[in-house]
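[1] Sharing a model prediction with you, sequence too.
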Amino acid sequence: MFSLIFTSMNILNFLDFGFLDFLDIILVAILLYYIYKLVRGTVAINIFFGIAIIYLIWKLTEVLQMEMLSDILGKFIGGGFIALIIVFQQEIRKFLLMLGSSNFTTKKGFLKQINFLKSDKISSVTDVESIVNSCVEMGRTKTGALIVIGRNNSLESFKTTGDTMHIEVNKPILKSVFYKNSPLHDGAIIIEDNIIVATRVILPVASDLNIPSRFGLRHRAAFGISLQTDALVLVVSEETGKMSYINNGEFILFDDADKLIELILQDLE
């Protein structure tokens, strides 16, 4: 009897689980959560899942002591580190910007970054319907507009280039801001938690050669901030009146307002 108990205890010795092991698991889970958020909705999400599957197979071959396959997969993962940096350069840039942002280190900003610790979501307060419908109406009159909707990354460095505001979002306000004779129409506006926090904002202009030449400065500025942050951007062309939606550097031209509202709400979750 005692011999059986002693043998069982020896078998379970490898399950020695301490506080540091628990902390290690939590930190890895948080890291994977943020990586998933950064690549969600992009082509990189498929690469992310592929790497995760290869890594799990590698660990499984180590446990099963399949030395040859384990050695091959281990060298593949080790040698592919530089390739991963190249593939995920935009996502890594966003992640580092998020870590270095001024609001991340504050208590309020930290809790906002860890969305699963909050019961409220940005999508529950942002009046996406009013934003999109105002863009539709501005498109009919060919009124140019550039609207940035903040998510998790700090936009403080961009807000300081414009005029600080604190106006609740609604259609009349948005249309009056971008009215051609308005002193505020030049540049972009930034919306956070359904509040217009800045107007006449100067955004970084993307100089990527892959951007079609037909896109003007508004669209290039929208691409620029989308590549540097996780913000969502709406653009109304002054030439054509067409409404564009840019997220993670991906451009979508929209004619159906209802589908666009649904997509933005989904991306804000």
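    Everything's here; your move.

[2] can you pull the contacts of Lys159?
    190, 197-198, 201 (C-beta atoms under 8 Å, 6 or more residues apart in numbering). Heads up, the C-betas are built off the backbone N, CA and C, glycines and all.

[3] Next: Gly144.
    138, 178, 185, 218, 236-238.

[4] Ala231 now?
    Contacts here follow C-beta under 8 Å, 6+ apart; on that basis Ala231 touches 148-151, 153, 155, 190, 225.

[5] that older thread, now, of the contacts of Lys159, which are buried?
    190, 197-198, 201 (16 or more other C-beta atoms under 10 Å).

[6] From the contacts of Ala231, which land in helices?
    Ile225 (DSSP state H).

[7] Okay, strands next: where are they in the stretch 51-200 of the chain?
    Remark: strands assigned in the stretch 51-200 of the chain by DSSP state E, counting those that start in this stretch are 145-149, 163-168, 188-192, 195-201.

[8] Name the nearest of the contacts of Lys159 relative to Ile57.
    Ile190 (43.9 Å; C-beta to C-beta).

[9] What residues are bridge-paired with that closest one?
    Bridge pairing for Ile190 (DSSP bridges) gives the partners Val148, Ala198.

[10] does it really touch Val201, like I thought?
    Yes. Counting by C-beta atoms under 8 Å, Val201 is a contact partner of Ile190 at 5.7 Å.

[11] overlap in contacts of these two?
    Overlap of the contact sets of Ile190 and Val201 (by C-beta under 8 Å, 6+ apart) consists of 148, 158-159, 162.

[12] Counting neighbours, what do you get for Met68?
    Neighbour count of Met68, defined by other C-beta atoms under 10 Å: 8.

[13] on that earlier part again, determine which two of the contacts of Lys159 are furthest apart.
    Largest separation among the contacts of Lys159 by C-beta to C-beta: Val197 and Val201, giving 9.4 Å.

[14] And the helices in the stretch 101-250 of the chain, which stretches?
    Secondary structure of the stretch 101-250 of the chain (DSSP state H, counting those that start in this stretch): helices at 107-113, 122-125, 128-140, 156-159, 171-177, 217-228.

[15] Just want the angle from the last one to strand 188-192.
    Computed by axes from the mean of the first three to the mean of the last three C-alpha atoms, to 10 degrees, the angle separating helix 217-228 from strand 188-192 equals 40 degrees.

[16] So which elements touch helix 217-228?
    If contacts are counted by 3 or more C-beta pairs under 8 Å, 6 or more residues apart in numbering; DSSP states H and E, helix 217-228 sits against helix 89-100, strand 145-149, strand 232-236, strand 243-247, strand 250-254.

[17] could you give the mean pLDDT of it?
    Mean pLDDT, helix 217-228: 86.

[18] Now it: buried residues?
    Under the neighbour-count criterion of 16+ other C-beta under 10 Å, helix 217-228 has 218-228 buried.

[19] cool, and the fourth one?
    Under the neighbour-count criterion of 16+ other C-beta under 10 Å, helix 156-159 has 158-159 buried.

[20] one step back: worst mean pLDDT among the helices and strands packed on helix 217-228?
    When these are ranked by mean pLDDT, helix 89-100 comes last with a mean of 63.

[21] Find residues that contact each of Val197 and Val201.
    Shared contacts of Val197 and Val201, defined by C-beta under 8 Å, 6+ apart, comprise 159, 190.

[22] so where's the stretch 101-250 of the chain uncertain?
    Along the stretch 101-250 of the chain, the parts satisfying pLDDT under 70 run over 101-124, 207-214.

[23] what do you get if the cut-off is 50, keeping everything else the same?
    For the stretch 101-250 of the chain, applying pLDDT under 50 flags the ranges 102-124.
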